[in-house]
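Asker: Fold the following for me, if possible:
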Amino acid sequence: MAVTLVLRALGLGDLLTAVPALRALRRARPDDELVLAAPAPLEPLVSLLDAVDVLLPTPGLGALRHGVGAPFRPDLAVNLHGSGPQSIADLLTTRPERLITHRHPDFPRLDGPAWKGDLHEVERWGVLLACHGIPVDPEELWLPPPSEPSPAPGAVVIHPGAAFPARRWPPERFAAVARALTHDVTRTVETDGREAGARPVIVTGDEAERPLATEVAERAGLGREAVFVGQDLSGLAALVADAALVVCGDTGVGHLATAFGTPSVLLFGPTPPDLWGPPTTRPQHVVLWSGTVGDPHAPTPDPGLLRLTVPAVLEAARTLLVGGVPCRTNTAGLPPDQEGPTGKTGSRSVSSARAMSD
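Answerer: Sure thing, here's the model as predicted:
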């Protein structure tokens with residue numbers, strides 16, 4: 001059987017933004033065994049994806065050359081990892097018959113489109129594959145819900161973490177949102193007699209984010225049972241898929257909400273949402289962005305992100321929870337004299353926060 005090997009040895013959001021490209025490759029090569037080289041912890045989501053046959057555990061760049069290796073020679077290798085040179089070198093060590101990648105000066109014999117930092121991450125891989133006659137539908141971001149039951153059905157999920165401090169809204173603000181939404185649930189129970197706990201507020205994170213999640217829960221007046229951290233991806237996926245709402249920053253959990261169609265309020269900054277945000281055609285995913293850009297790797301929260309207010313987040317969250325459609329906006333809760341650019345979905349003047357150089 002012919003093999004198509006795809007390299008995407010990155011994180012949760014990176015996998016989910018590559019789903020349309022993976023489905024396009026599946027359609028283009030229906031008889032191939034499609035092997036995805038990606039980190040092993042992503043397996044619960046890869047197993048939900050109808051496009052991938054085998055996950056080749058690949059923790060990052062260099063693994064194909066120096067560690068994991070590929071136990072086969074692929075007929076086609078596809079670089080959905082980055083612009084090169086390391087990702088290209090990794091795939092070349094598998095000795096593919098053919099390689100699809102962006103062009104790079106270190107590999108002048110390889111053809112491909114130029115890397116552009118101002119493309120949405122989904123669009124980027126669509127452009128790459130289209131250059132090789134493989135059409136991609138950018139709307140194919142969905143995943144089927146996992147079979148595992150949610151640990152907290154119908155929860156409001158608050159996810160305060162992000163890979164870099166620049167993308168982390170302050171914990172006291174997440175706590176204020178969690179406290180207010182918890183109060184809303186309590187007030188609803190008292191008013192209409194619904195069972196308490198029908199819509200719990202849950203704070204999530206990975207094991208490294210346990211202190212952050214605990215701080216947010218404690219500030220919000222929630223008990224330890226509200227902290228959902230250190231679980232594998234299958235449990236997080238089940239929680240998000242069955243949630244009433246997700247509130248988070250520009251992070252993988254937001255992409256998980258998009259994949260499952262779960263209503264979400266997404267706080268963007270310093271990277272504009274037109275580079276990593278959900279499709280503008282989906283009103284259940286509300287993006288709040290101040291309209292400014294900054295350093296995505298800065299050691300402190302981005303000033304533009306700090307301009308997003310608790311009342312603005314609560315207004316969007318409450319509207320979604322009652323089934324309404326808030327305005328998708330770039331500027332949220334800002335005084336008129338502090339607003340950034342409006343009337344457009346985001347600036348394309350900067351490179352993606354996670355545009356990979358190799």
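
Asker: switch to C-alpha atoms for all contacts and neighbour counts from now on
Answerer: Fine.

Asker: quick one: R65 and L92, what's the gap?
Answerer: Plainly put, R65 is 9 Å away from L92 if you go by CA to CA, to the nearest Å.

Asker: ditto for I134
Answerer: 21 Å.

Asker: Which element is encountered next along the chain beyond the helix or strand bottoming out on mean pLDDT in the chain?
Answerer: Sorting the helices and strands of the chain by mean pLDDT, DSSP states H and E puts helix 171-192 at the bottom, at a mean of 81. As assigned by DSSP states H and E, the chain's next helix or strand after helix 171-192 is strand 201-205.

Asker: ok and the next helix or strand after that next one relative to strand 201-205, angle-wise?
Answerer: Next along the chain after strand 201-205, taking DSSP H and E as the criterion, comes helix 210-219. Interaxial angle, helix 210-219 versus strand 201-205 (axes from the mean of the first three to the mean of the last three CA atoms, to 10 degrees): 160 degrees.

Asker: Show me what the helix or strand following helix 210-219 pairs with in its sheet, parallel or antiparallel.
Answerer: Per DSSP H and E, the first helix or strand lying C-terminal to helix 210-219 is strand 227-229. If you go by DSSP bridges, strand 227-229 pairs up with strand 201-205 (parallel).

Asker: residues making contact with the partner strand?
Answerer: Applying CA atoms under 8 Å, 6 or more residues apart in numbering, the external contacts of strand 201-205 come out as 155-161, 178, 181-182, 213-214, 216-217, 226-230.

Asker: send the alpha carbons of it over as CSV?
Answerer: Extracted in CSV, the C-alpha atoms of strand 201-205 (Å, rounded to 0.1, in the frame of the first residue of the first chain):
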residue,chain,number,x,y,z
VAL,A,201,-18.5,26.4,35.9
ILE,A,202,-15.3,24.4,35.3
VAL,A,203,-11.7,25.8,35.2
THR,A,204,-9.4,23.8,33.0
GLY,A,205,-5.7,23.6,32.3
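
Asker: pLDDT averaged over that strand - what is it?
Answerer: Averaging pLDDT along strand 201-205 yields 98.

Asker: So what touches the helix or strand where L314 lies?
Answerer: Element membership for L314 (DSSP H and E) is helix 310-321. For helix 310-321, contacts defined as CA under 8 Å, 6+ apart pick out 173-174, 176-177, 180-181, 244-245, 247, 263-265, 284, 286, 288, 325-326, 332-333.
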